[in-house]
Structures are given as C-alpha cells and as structure tokens.
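Peer 1: Here is the input, now give the coordinates:
(4 chains)
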Amino acid sequence: MTIPRDTKRVIALQEELHSHLPSDPALRVKALESLLVEKGLLSSATVDRWIEVFRDEVGPKNGARIVARAWTNPIFKQRLMINAIEAIAGMGFPRLEANNLVVVENTPRRHNIVVCTLCSCYPWAVLGIPPTWYKSFEYRARVVRDPRGVLKEFGLELDDDVEVRVWDSTAETRYMVLPERPPRTEGFSEEELAAIVSRDAMVGVAKVITPERRS
Amino acid sequence: MTIPRDTKRVIALQEELHSHLPSDPALRVKALESLLVEKGLLSSATVDRWIEVFRDEVGPKNGARIVARAWTNPIFKQRLMINAIEAIAGMGFPRLEANNLVVVENTPRRHNIVVCTLCSCYPWAVLGIPPTWYKSFEYRARVVRDPRGVLKEFGLELDDDVEVRVWDSTAETRYMVLPERPPRTEGFSEEELAAIVSRDAMVGVAKVITPERRS
Amino acid sequence: MDGVHDMGGMQGFGPVDLSPGQPLLKTDWRARMFGIELSYVQPGGFNLDWMRHVMECMPPSAYLSSGYFDRWYWRDAAILANAGWVGIDELTSGKAAFRPAEAGDAPPPDAVPAILSHGVDSRRPSKGLPAFRLGDRVRAKFHSPLGATRLPRYLRGHVGAVEAYHGWHRLPDVSAHGDEQAEPLYCVGFLARDLWDDVTSPRDMVFADLWESYLEPA
Amino acid sequence: MDGVHDMGGMQGFGPVDLSPGQPLLKTDWRARMFGIELSYVQPGGFNLDWMRHVMECMPPSAYLSSGYFDRWYWRDAAILANAGWVGIDELTSGKAAFRPAEAGDAPPPDAVPAILSHGVDSRRPSKGLPAFRLGDRVRAKFHSPLGATRLPRYLRGHVGAVEAYHGWHRLPDVSAHGDEQAEPLYCVGFLARDLWDDVTSPRDMVFADLWESYLEPA
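Peer 2: Numbers count the residues shown, from 1 in each chain, chains lettered A, B, ... in the order given. Here you go, the predicted model:
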C-alpha cells in the first residue's frame, strides 16, 4: 500500500481537521479510541498494557541502575562510555529508542545537559516518559541558547569556569548524562547509590546530592 | 520621565497580562478606552476623528492619483522614481509613515510586490489602512519565499521569464508599486485612469485591468 | 529578537485568505483600537521602535492566535502597564484607580491634522560617509540580540548587493530601548535562489532595508 | 521545514514551568493517547520520520497552543485521515462508517514485549567511507526543504567540528516521504559564542547529530 506523504497536502489536511473537530482533547481522544477499535485497527487492551509498562517497568530507575554501576565498576564505566548499548545489554532494559544510546559524563569542570529542540526526543528506555518541563516550549527553545539561565531556574548555579555542553537530540541518538558521584557515599552499595540518582540529574538539570545521614 | 525598556521585563509582563485579562477583545478594548479617558490620557473624540480620517480621507485613492499622474506626465514620473516624497509634496497627502516613500516600477519583464515580514508596515499615507490579507501571517511568511505561489492565489500568473522583486519593509522606507498602464487607455484622462487603479495593484498582487467599454 | 513575529520564509502556513475586510466603523472594537493607539498619551513619548518590540514580546502562542488589532491591544496594554500607568485590575474593570503623574494632556481632535502632516521620520543628519557603496557585496550578520532589531532571520548569513543608500536613520536596536543612535541605512538585494533551497527562478530577488551594523563586507 | 516546531534559540518564551507532571492513569486521556499511538495499525507501517513531520505540519498557532499529548492526537488523526483510513465525521462521532482495506490486524497486548525489546533502529549498513573525519571543521548548510529535515535552523550557516561518527543512518528527509536512503551521521560540536550574539562563556558548546548531506567542508 502506498501512502501519499506530501507536505502541502498534510498542511491543508491539518488545517481542515483543526477547523472541524471539537476543541476538548479528552473528547477527541475518546472518540479516536472507539473509532480505531471499531475499525479493527486498535485493541484497548494493548493501550492498557503500554500504560502499565511505562507506569511499572520503564522509568528512571533503569538509568539510575546504569549510573550506580558506572560509579562502582570502572570496567563497566569504560565500556559504557565507549558503547553504551552494548555495555547495558545484560541489564534487562527495553531497546525502544535507545538503539543508539550515548552517555556523556559530568566532571567538576564540565556539565552536560540534554534537549531535543525539534520535538521532544528522550531516552525512554532508560528514563521512561519525559517530564512535562522537558517537553515544554520554554525548555526546548531556551536551553540551547541560555543553558545557564535555565539551570538557575532548576536551582543549579554553575561556576563561570565550568564548561556547559548541550546535546540536541536531532537524530535517533539518545543522550543520558552520567552525573558526578556525590561526596561521602564511599560505603554505599550499588542499590543504595541507584536510589539517590534522580531523573533530573540524568537529563543534566540537577546534581546528585549526598543524602542526609540515615537514622 | 524614564521608562524601563527591558525585553525580559516585558516578556514577563505580557505573560502576566495574558493570564489575567478576559479573552474577548471587544470587552478589553472597551475597558481600555474607558480607563484611558478616566485617567485623562485619551479623548474619545480624537479616536473618532482618526477613524473618520482613515474612512474618508486617507486611502488608496491617494496612491491611485500618483499612479495616474505618473502614467500621463513623464516629468512627474521621473521625479517620482528619483524622490517620491518630493515629487508628491504638492498633492495634499498626509506624511504619516511616508517620509521615506519609494516607488518601484512594474514592466513587462519585472514585477514588484511589497510585504513587511516583521510586522505589517505599509504606506498608509498613500494607500490607507492595509487590507486583512496583507497583515495575515500567511502573506507575511510566504511571499518572500514563494511570491509566485502567493500571486497565483490572487489570480495572477507570471511567466517564468518575468523577474519577481519582493520588497520587505524592514525600515521606515515605505514601498509602493507603480503598475503597468493597461492597453487601450490612451484617451483616458488622469481622473479616469486613477479610477481604475486598484489598491492590490499598488501592493503588487494584481495588475491594472483595462475596463470594459463604458456604455 | 528571535521571535515568532519574524516570520519571513516560515512554512506551515496555508493559503492567504482573500476575503475583503470590514470597513472602519466607529462602533467596532477594531476601529476603536486603531484610533486609541493613535490618540493616547504614550509614556515617555511615541516610540515606534519600542511599540514594535513590545508586540514582539507577546507570548508566542498568543501572537499567533490573536488578530491584528487585538495584537495592538496587547501592545498598548503592555506599554502602559510597563510604565506603571495602568494596573491589571484597571485594565479588567475599565475603572481608574489612580492618575499617572507627569502624563501630559490627552491630544484633542484638532491635533490630528498636525500629526498627519508631520508623520514619523526616522531620518537623522549624516555623521559621515557610508561604509558601503552601491553594488558592494555585503553579508547580513548573525545578529540576534535579546532586544529589538530589524534584521530578519531569513537573511542572516546570506550575501547580497547594495541596491540603494537611504542616508542616516535612527537605529531601532538602540532607539527601541530608549537611547538615540543613527547609522547609514541601505537597501540590499538578495537573489532568491541564494536564500531558499526550493527557488528555481534564476533572477527573482528579495530586497530589505538594513542598517550598516547589520552588515559586513562579503 | 521552517516551522514553529524548530524552536531552538527562539526568544519570547518565559521561565520553564517545573511543576511535576501527573502520573499515567489508565483513565486519563493523555495516557490513552500515549497508548493509542504505540498500539494502532499505522497506514504504510510505523514511520517515525513521517510521524514527526506530520506533527510539524500542524497550523503554527495550534502547535503552540496544544499540549504534548494533544499534539500526538493531531499527528495521529492526520496520519490516518491522510491515508483515507478515517474521515472527519468519524473522528467527530467515534463511530466507524467503513473499514480500511489492506489494514492489518490490531496488535494484541502480547505483542508489546517484542516491540519493547526490538525498538526503533535508524542504523543502516555502511556503503562507504564517511566524507568527514573527527575534528574536521564543517559548516551546516542553509538546508530548508519544504518537507522533513532534522537540521535545526539555529545551526544553519555556522561552523563546528566533527565530534563523533555514528555510522550510516536512515536519512529523515527521504524516509519521512516514503523512500529509503542512508548516509553517514555525525555528532558536530559548535561553540555557543559562534551561534549566539549574547553568549559570554568562551568554551560552552552545543552538539547536534547531523547527516552528511547537511554539511559542507569549512
């Protein structure tokens, strides 16, 4: 089956759809699901399953395990930096969009931050569904131009002599930040370390903080 | 009195205004007029006067008189092409934004068209208030990139060997097109010629058409 | 400023709507807005460059979903609120809670003819010879300040030729923000096929009026 | 395509809203939309480049005023309507008036693990040596077709250095429109101060992954 894939045609079609369909997205999405099920193009049970998968299985816990292992296992870290997808192959994560995962490392003199200016590409396989701010126009527009200003809004002020590197996910490469291991975590197990690694730190808008002494 | 003129401040202020004020523009404009009158910053009679001026006095009739004179008076035309504002000084038009009027001439081999991509600058003094399409995003966005496609939508198809010149009004220069005089108008008086010159022809989205034989 | 207002060459817009507009009726809000803008006392005086820039600072989605005269409203509301001359509550109610100090008197109807005949003039006395001559090849700089500018984004980085010299004119980048500076202003012509991937006509051109500091020799 | 989706460096946007998002609830329309997109039979097969481009073709004002999952709706509605698989009346009513011929069966829930473990892969076999080597200085072309592309506007005309070579990858400009072509893909690093007027940090950088045909030697 050949589908016409013409830009002018779709621009006109989008205009037509917008002028005819109701404005409430909840109504439209409900009608779309019923319609596709009736047409035999969709199973609602599959929709449920995807929601369960991203609620229960795929999320920033995956990335946190990678970070914790890199902090505690120098050989794993070396492999991770050279070829991330091979290094994490045994850890049981989905592939999804991460067939070209690249890990970029923060150091005291270099801070990395990830964005997708053209849409909202994000390493779902290791971080789950992106947070709302990552998908916002404000973040997409501003972070390539004023990363330090955006980071300040997240509460992260960088010294002038720290080099900032912004990674714009324009292809199917997916970027994940390896944050700095925080001080006073020498005795932590890999699991304990994974528990303190936040999603925001793996996107590059936060640092990992040493937890308060546990009682 | 010194006014703060800071971009970030105004971006934040605009955001705040948009999130607090009602959506209906008729309501907002009505409130604005009452408010400014109460504050002594505005006279409604002056508002009325401006509307009258642009309804009755300033409009494309002005430009049409210039075109008709240029068609019938070679010396005037020469002066017009060299320094339009001096050439039309005696014709009784307002200055308004036309202190830097430039007239560009259509020929069988060259077609001119005027736009303002950054806002909607337009030679008010000689053409009045711009038509809605001139102020539309579609026109502003597309005419510098695909003037021939836009002209087709206006019903004007140009031969491939006609050179198209688009004038983007980025400064206070105001552009007006001198259209080609249509055939079979040799006996027309200046007034008769002025009557057939359309606004669209002076923006460059139409040609002047020879009128049907008058009965 | 790199904003949505700078829309030359932007794609995704459909056909131009050619419906004739409404005539100016004194009772229509669009006509009222039109007249208000020409009639009210502007804080710090009438400054066209600042007015344009304040409109550019509208939230991008609001800019694209508002009509022409509605954008005038948002511009004037922001100009007044920025100067502290009106508050949000006042804009909502239409009732004045205070009168701004130092504001002059509202222009009366009989001030209109003088405004009409004088108009807006960006010309300034020459302070020297222009750097470029007719026919010189010049490149538009990658100039995109967070502030007013009149160098459209679609020209940046491209080379054209000086078509005309307009003398010295007030520079919007500076005057919008309350200072005064003038520079030589040129009309520069660009070959359309140099600007756009998809142009086939070999001689079609796009002209824009650009200030000297927007340009470098090419 | 020069559309509003290409927003890197655009100004006029305010602070980032840091409010935490809602969790995925099976009853919430956003979660439904998320699941629908991953579950429905797409006309002509799942084509991520086409999907992205169809979203780029939204009316600019609608793009800027719609939320993330609502833009997914408009994308999928347009993908289906473009193929003739759904009509506007059906999208309004939710009732099917016909069934598309040649459409396959709806993926069942137990297809999910296979999709998860296989994923999307733009890698293609190498067809030769890449034109650029690590460290080479390259300029992003003024490439802006009326169609899909992944060269952001803010990089065009600027010079950077090749930071990494990713091998051959499917070219979105071609595959979005239904053909297949592959090219070497590079990560290119640009000095931020070269891209933006207002950057003072001397070493800050912006990296993007760019296909060979987007680049020329500099």
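Peer 1: Please count neighbours and contacts with C-alpha atoms only from this point.
Peer 2: Noted.
Peer 1: could you pull out the helices for the chain?
Peer 2: Using chain A. Listed from the start of the chain, chain A has helices (DSSP state H) covering A:7-20, A:25-38, A:44-52, A:60-72, A:74-82, A:84-87, A:124-127, A:132-135, A:137-142, A:147-153, A:190-196, A:199-203.
Peer 1: Sorry, I should have been clearer: chain C.
Peer 2: Assignment of helices within chain C using DSSP H yields the ranges C:29-39, C:48-56, C:60-65, C:68-82, C:88-93, C:112-118, C:172-175, C:192-195.
Peer 1: any idea of the mean pLDDT for the third one?
Peer 2: Just to be clear, that refers to helix C:60-65. Taken as a whole, helix C:60-65 has an average pLDDT of 97.
Peer 1: circling back to that earlier point, would you mind giving the helices of chain C as CSV with distance to residue A:158 and mean neighbour count added?
Peer 2: Shown next, in CSV, are those (distance: least, Cα to Cα, whole Å; neighbours: other Cα atoms under 10 Å in any protein chain shown):
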stretch, distance to residue A:158, mean neighbour count
helix C:29-39, 45, 22
helix C:48-56, 31, 23
helix C:60-65, 29, 19
helix C:68-82, 32, 22
helix C:88-93, 36, 18
helix C:112-118, 53, 15
helix C:172-175, 31, 21
helix C:192-195, 39, 20
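Peer 1: distance of the nearest residue to residue A:2 once chain neighbours are set aside from residue D:147?
Peer 2: Nearest residue to residue A:2 in three dimensions, chain neighbours excluded: residue D:44, at 6.6 Å (Cα to Cα, 6 or more residues apart in numbering or on different chains). According to Cα to Cα, to the nearest Å, residue D:44 stands 18 Å off from residue D:147.
Peer 1: Neighbour count for the two, which is higher?
Peer 2: Here residue D:44 and residue D:147 are compared on neighbour count by other Cα atoms under 10 Å in any protein chain shown; more neighbours surround residue D:147, at 22 against 15.
Peer 1: Show me the one of the helices of chain C that comes nearest residue B:124.
Peer 2: Closest to residue B:124 of the helices of chain C, according to Cα to Cα: helix C:112-118, at 10.6 Å.
Peer 1: about what we covered before: now for the helices of chain A, which one comes closest to residue B:82?
Peer 2: Of these, the one closest to residue B:82 (Cα to Cα) turns out to be helix A:7-20, at 42.0 Å.
Peer 1: which helices and strands sit right next to the closest one?
Peer 2: Here helix A:7-20 is seen to pack against helix D:68-82 when contacts are counted using 3 or more Cα pairs under 8 Å, 6 or more residues apart in numbering or on different chains; DSSP states H and E.
Peer 1: on contacts alone, who are the packing partners of the helix it packs on?
Peer 2: Based on contacts counted as 3+ Cα pairs under 8 Å, 6+ apart, the elements that helix D:68-82 packs against are helix A:7-20, helix A:25-38, helix D:29-39, helix D:48-56.
Peer 1: Next, format these as CSV and append distance to residue C:36 and mean pLDDT.
Peer 2: Conversion of these to CSV gives the following (distance: least, Cα to Cα, whole Å; pLDDT from 0 to 100):
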stretch, distance to residue C:36, mean pLDDT
helix A:7-20, 32, 97
helix A:25-38, 38, 98
helix D:29-39, 44, 97
helix D:48-56, 38, 98
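Peer 1: Pipe the helices of chain A into a markdown table and attach mean neighbour count per row.
Peer 2: What follows is the helices of chain A, written out as a markdown table (neighbours: other Cα atoms under 10 Å in any protein chain shown):
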| stretch | mean neighbour count |
| --- | --- |
| helix A:7-20 | 18 |
| helix A:25-38 | 21 |
| helix A:44-52 | 21 |
| helix A:60-72 | 22 |
| helix A:74-82 | 16 |
| helix A:84-87 | 17 |
| helix A:124-127 | 24 |
| helix A:132-135 | 18 |
| helix A:137-142 | 25 |
| helix A:147-153 | 17 |
| helix A:190-196 | 17 |
| helix A:199-203 | 24 |
